[in-house]
Each structure stands twice: as structure tokens, then as C-alpha cells.
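# What follows is a protein structure lacking sequence information:
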């Protein structure tokens, strides 16, 4: 797939936003990730493939530059980009209510993709803000996979709703002449 210059620039900006905000969340141990706003933004404007590429490149670059754990989660970012793009195409980013539902869908599915990575690659501990909740649940007798799933689902629902709403607000505040230059966005919002 070939992207035009505008889409490539948008993807580059989105990758920087994802890494900077995501790294800040890691440093302060927030129980949220907030590292996919750029991915969802690209997906809304340029489509699922562009969103998926921005998401994957975010994790690969982030993993190479400062946080090797981030690289392992590129499948999650791939799914987020694809889902956000397909949901945008179906009109699910036209209103705040539909945007919230999109965040719920993305939160549930990204959790399903993330849990095996967290459990089998990292033994349930990634250094994220959810580690405390996971450790607590394991300490009180919950199986590791269930602990990771519960802690991450709770976090992902809030995180992906927030991520989708932030991306929607940004896109809705952009000038029409800018958004009109993205054919995917125009078709999805026709």
C-alpha cells in the first residue's frame, strides 16, 4: 500500500505522540497506557491500514529507542489501528456516544490480544501500572491469567474509551479543509 505525503506526515506525528505520552505514563506508573491516541487519530483520518502501520511502527521504534517491552505489544497496536479504522469506516466515530462504544470494543479486543503476551512473554509483569492489581489478585488466590485479564480489561476499557474520545475531539476540531484532504475520512463521514 502506498501512502501520500500528508498521510506519512500524519503517521510520523502520531508515532511521536504515542511514544511521548506512552513513555510518560510508564514513568509515572499510571494505570492507563494512553499510547494509542495517535494510532486512532490516523485510523480515523486515513483508514485501518494506515492506523495499523502507525501502531506497529510506534511499538517497534519505542522498543528500539527506550522501552524494549513496548516492542512485544506491536500486535495490540496493529489490532487497535485496524479496529479503529474499520469502526471509523462504519461511522462509529461520528458522535461522542458512538466513539465511547468504539473505545469499549477496542478495549475488549485489545485485552484479548494483550493478555497472552503479558502472561507468556512477561510472566504477568510488564512494569505497567496494572502490575499492582495483578499482583494483588494473584496474592489473594486468583490464577495468573485471570488476574492479568481482569486487571487489563478494567484498565483497557477506561484507557481505550479515553483514547478514542481524545482522538475524536482532535479530529472534530480540525479544519474542514484539512480533513477533506483525507479521502478515507470523507468517505467514512459521507
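Cool, got the structure. Bear in mind that the values here come from a model prediction, so they are computed numbers and not experimental data. Numbers count the residues shown, from 1 in each chain.
# what's the most centrally placed residue in the chain sitting at in phi/psi?
The residue lying closest to the centre of the chain (CA atoms, centre = their mean) is residue 36, at 3.2 Å. The phi/psi pair for residue 36 (degrees, to the nearest 10) reads phi -130, psi 10.
# Could you report the pLDDT at residue 20?
Looking at residue 20, its pLDDT is 94.
# Find the helix or strand that it is a member of.
Using DSSP states H and E, residue 20 falls within helix 5-27.
# Following that helix in sequence, what is the next regular element?
Towards the C-terminus, the helix or strand next in line after helix 5-27, according to DSSP H and E, is helix 37-46.
# How about residues contacting the helix or strand that that following helix is followed by?
Tracing the chain past helix 37-46, the next element assigned as helix or strand by DSSP H and E is helix 48-65. With CB atoms under 8 Å, 6 or more residues apart in numbering as the test, helix 48-65 has contacts from 1, 3, 7, 10-11, 14-15, 18-19, 22-23, 35-36, 38-40, 42-44, 69-74, 76-86, 88-89, 184. All C-beta spots, glycine's among them, are computed from the backbone N, C-alpha and C.
# make it 6 Å
1, 7, 11, 14-15, 18-19, 39, 42-43, 70-71, 73-74, 77-78, 80-82, 84-86 (CB atoms under 6 Å, 6 or more residues apart in numbering).
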